[in-house]
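> the following comprises the amino acid sequence and a computationally predicted model.
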Amino acid sequence: MTDGRAIILVVERDPHVRDLEEYFLNDAGYEVEFALDGVAALALARTVHPQIIVTEILVPKLDGLALCRAVKEDPQLRGTAVLVFSILAAEARAREAGADAFLMKPLAERRLVETVRALLASRQHTASRTRRPPS
Amino acid sequence: MKRVHTGSIQTDYVLGGGFPHQSINIVMGQPGTGKTIFAEQMLFENAHGDRPSLFITTLSEPLAKAVRYVQQFAFYDEQKLGTDIQYHEVGSVLTATGPDGLMPWMTDMIKATRPKIIVIDSFRAIHDLATSVPQMRRIVSDLAGLLSAYDVTTFLLGEYTSDDIQRYPEFAIGDGIVELARRPLSTRDERFFRVLKLRGSNYRQGQHAFRIGAKGIELFPRLVSPNVPRDYQPRLERVSTGVAGLDAMVGGGLWSGSTTLVVGPTGSGKTTLALQFMLEGIRRGEQGLFVHFQENPSQLRRAIDSLGMSAETAIASGLHLRYESPVELEIDSIIVDIFEKIRSGEIRRLAVDAIGDLAAAASDAQRLHGYLYALVQHLTVHHVTSLLTFESVSGLTGNAEHEQRFSYMSDNVLQLDRQGNERTRRALRVVKTRHSDHDPDVREFVVREGGARIV
C-alpha cells in the first residue's frame, strides 16, 4: 500500500478502459498501476505487490488467464487477488484459472468498485484469521 | 438481453423489446420528423433515479429549444430535469476547438456524470466542422471506443439521408439504425418509423406509421399475417347474411371466418346489406364491429333504425360502431384498432364500409393490400366473418388493380348493380364463392323499409 491506499494493478490495452478504470479506482481511493501485457504485469506485480490485479483476458505475451495461473502459483504473490475483467463471457474459465472474481465489460464503475472492495475485505478477513494466535 | 425501453410499448414491440443495452444507435431523419421527441421520450421513460441520462446538443438545435418544446408532452416531468435528465451543450466547445474537442469533453462528462444513456443531437452537424474525412473517421472511431468501454447506451441523432449511410463512418460503428420519415399526403403528413439495423435483435421490418401527439410518439406496428396456430381448425359453420334469399344463393350462408367483398355503384345497397349482416349477428347474440367512413354517426343510426332494430338496442346488444372521417383517415391506426378489437376475441362479425376509402387514404397501394391481406388472415384465424364493401365506378370496381387484389383476398364476391332511370331496380349477382356452390343468376335485390331481400 502507498500512503495506506491499496494498490490495484490494471492489465489493459484499451486506452479508454484504462483511462476510466484509473479515474474511477482513484476516485474510490485506490492507487492504480498499469501494465499493457501479461509478462510486464507479472514483473510489476513482483515489484509493487498489488492487493488486486484487474486483468483483461485478451492481453499480449501472456494472456489474462495464464497471468492469473502464474500469480496463483507464485509464493511471492500469495496475497494478491485476481479480478478478471473481460470482453469475453469466460467466467468459468477464469474461475478455473484461479480468479477470485470475474466481471464482464463494459465498465460499470459501481460494480467494479464494489467488487474491488469485496475482494479487499475478504483479503483482510483472511489475513486477520491467519494472524490470530492459537487458543 | 437487457433493453432500453423507448417509452412506447408499440415501438418497443417493433424493436424486439427495445434498444439493446450498451449499444450505439443512430436515429436518422430529416428536420421535423420527430427525432428529438423520440429521444426525449426515451430519456424520461428511463429516468429511474439511479444514474442520469445526458441530452447533448451540438450545432443544430439550440439547447433552449430542446428543453422548451419537451414541456408540452405528457411524459415530461419537471422533477427529473437536471437530475435524472441533464441537458448539456457541446456546440461552443466544438466551435472553439473543432471536432477534436469532442473526445476530451465527452470523456470528462462521462467521468463526472456517469451516465446510463447519452443522446447527441445532432451528430451529423459535427461533420460540418471537420477539416478532412480522415479527421472525422478518427474521431468517430475514438468515440466508439469510449462509448463501448463504458456502461452506457448511446443515440446519435442526425438529419441523415439514405446516401449518408455509405458516406459517414458512424453508420459502420452503429449497432442500430432507425429512421423517422415524413411524407406529405394531401392535407396532412404521414410519418413512418423503420428499423434498418439492430444487432442481436429480431425486429419487425418495414415501415410502421406513427403520429406525434400529447403522449409523444404513438406508433402503429405494421400488420403482418399471423402464424396459424398448429391447433387451428376452420369452423364448418354457415353464417346467415340476414338478407332473405341471399343465404340460399351462397349455398346456405357464408362460411364462418370467411371474407366477402360487396362491390357496387353508389346507391346499390352495399351499406344496407352490410348493416343487415351486422344486425343478424346481433339477433343471434354475436358481437359485431362496423367500421364506416361515409355516413356520419347520426346518419348511420338512422339507417340502422330503418332496418327493424333501433340503433340504441343494437349498440346495447354488442354492435360496435367505429367512425372515421375520410379526411382524417389514417389507415394504420384504423387497421391496428380493428386488429386490437378482433384480438379481444368477442367480435364475431366485421364490416368495413368502404375499403375504397382506405385505398384513397393510402399513399402506397401495395402497402394497403399487404395490410388488408394480413387483416383478412387474422380474421380467419379468429373465426370472424367479415364483409367489405367497395364502391365501383364501372366494371366490377372500376379499378383493375384493386379489383384483382381485393377479389383475390376475398372468399366470396357479391356484385350489386342499379338498372334503369325512372324506376330504379337493383340487382345482385354472386360472382364467386370459395369452397361452396352458388347461384350464378342475377337476382333482383329489393331495398325497402325494414331491410333488403332477394326477390
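Ah, there it is.
> measure stretch A:52-61 end to end?
Across its full length, stretch A:52-61 reaches 20 Å end to end, with Cα to Cα, to the nearest Å as the criterion.
> identify each buried residue in stretch A:61-80, please.
Across stretch A:61-80, burial judged by 16 or more other Cβ atoms under 10 Å in any protein chain shown covers A:Leu62, A:Asp63, A:Gly64, A:Leu65, A:Ala66, A:Leu67, A:Cys68, A:Ala70, A:Val71, A:Lys72, A:Leu77, A:Thr80. Every residue, glycine included, has its C-beta placed from N, CA and C.
> okay, those in JSON lines with pLDDT, secondary structure and distance to B:Pro169 next?
As requested, the buried residues of stretch A:61-80 are arranged in JSON lines below (pLDDT from 0 to 100; DSSP: H, G, I helix; E, B strand; the rest coil; distance: Cβ to Cβ, whole Å):
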{"residue": "A:Leu62", "pLDDT": "95", "secondary structure": "coil", "distance to B:Pro169": "34"}
{"residue": "A:Asp63", "pLDDT": "96", "secondary structure": "coil", "distance to B:Pro169": "31"}
{"residue": "A:Gly64", "pLDDT": "96", "secondary structure": "helix", "distance to B:Pro169": "30"}
{"residue": "A:Leu65", "pLDDT": "97", "secondary structure": "helix", "distance to B:Pro169": "34"}
{"residue": "A:Ala66", "pLDDT": "97", "secondary structure": "helix", "distance to B:Pro169": "36"}
{"residue": "A:Leu67", "pLDDT": "97", "secondary structure": "helix", "distance to B:Pro169": "35"}
{"residue": "A:Cys68", "pLDDT": "97", "secondary structure": "helix", "distance to B:Pro169": "37"}
{"residue": "A:Ala70", "pLDDT": "97", "secondary structure": "helix", "distance to B:Pro169": "40"}
{"residue": "A:Val71", "pLDDT": "97", "secondary structure": "helix", "distance to B:Pro169": "40"}
{"residue": "A:Lys72", "pLDDT": "96", "secondary structure": "helix", "distance to B:Pro169": "43"}
{"residue": "A:Leu77", "pLDDT": "95", "secondary structure": "helix", "distance to B:Pro169": "43"}
{"residue": "A:Thr80", "pLDDT": "96", "secondary structure": "coil", "distance to B:Pro169": "42"}
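> closest one of those to chain B?
Minimum separation from chain B among the buried residues of stretch A:61-80 (Cβ to the nearest Cβ) is found for A:Gly64, which lies at 16.5 Å.
> the residue nearest to B:Gly251 when sequence neighbours are not counted and B:Met278: what is the separation?
The shortest distance from B:Gly251 to any residue that is not its chain neighbour, by Cβ to Cβ, 6 or more residues apart in numbering or on different chains, is 3.9 Å, and that residue is B:Ser436. In this view, B:Ser436 and B:Met278 are 21 Å apart by Cβ to Cβ, to the nearest Å.
> which residue ranges of the stretch 251-400 of chain B form strands?
Using DSSP state E, counting those that start in this stretch, the strands assigned to the stretch 251-400 of chain B run over residues B:254-255, B:259-264, B:287-292, B:319-323, B:347-353, B:385-391.
> looking at these, spot the one closest to chain A.
Using Cβ to the nearest Cβ as the criterion, the shortest distance between chain A and the strands of the stretch 251-400 of chain B is 47.5 Å, found for strand B:347-353.
> check whether the residue minimising distance to the centre of chain A sits in a helix, strand or coil.
Relative to the mean C-alpha position of chain A, the nearest C-alpha, by Cα atoms, centre = their mean, is the one of A:Ile53, at 1.9 Å. Under DSSP: H, G, I helix; E, B strand; the rest coil, A:Ile53 falls in the strand class.
> which residue does the stretch 1-150 of chain B have closest to chain A?
Scanning the stretch 1-150 of chain B for the residue nearest chain A gives B:Ala149, at 3.9 Å (criterion: Cβ to the nearest Cβ).
> quick one: neighbours of that residue, just the number.
Burial measure for B:Ala149: 23 neighbouring residues, criterion other Cβ atoms under 10 Å in any protein chain shown.
> likewise for B:Leu157?
B:Leu157: 28 surrounding residues under other Cβ under 10 Å.
> pLDDT score for it?
pLDDT for B:Leu157: 97.
> and B:Gly398, by the same measure?
pLDDT recorded at B:Gly398 is 52.
> so which helix or strand takes in B:Asp189?
According to DSSP states H and E, B:Asp189 maps onto strand B:188-198.
> packing partners of the longest helix belonging to chain A?
Counting residues, the longest helix found in chain A (DSSP state H) is helix A:109-131. For helix A:109-131, the packing partners by 3 or more Cβ pairs under 8 Å, 6 or more residues apart in numbering or on different chains; DSSP states H and E come out as helix A:15-27, strand A:52-55, strand A:81-86, strand A:101-104.
> returning to what we had before: okay, the residue nearest to the centre of chain A and A:Val71: tell me how far apart.
Relative to A:Val71, A:Ile53 is positioned 6 Å away (criterion: Cβ to Cβ).
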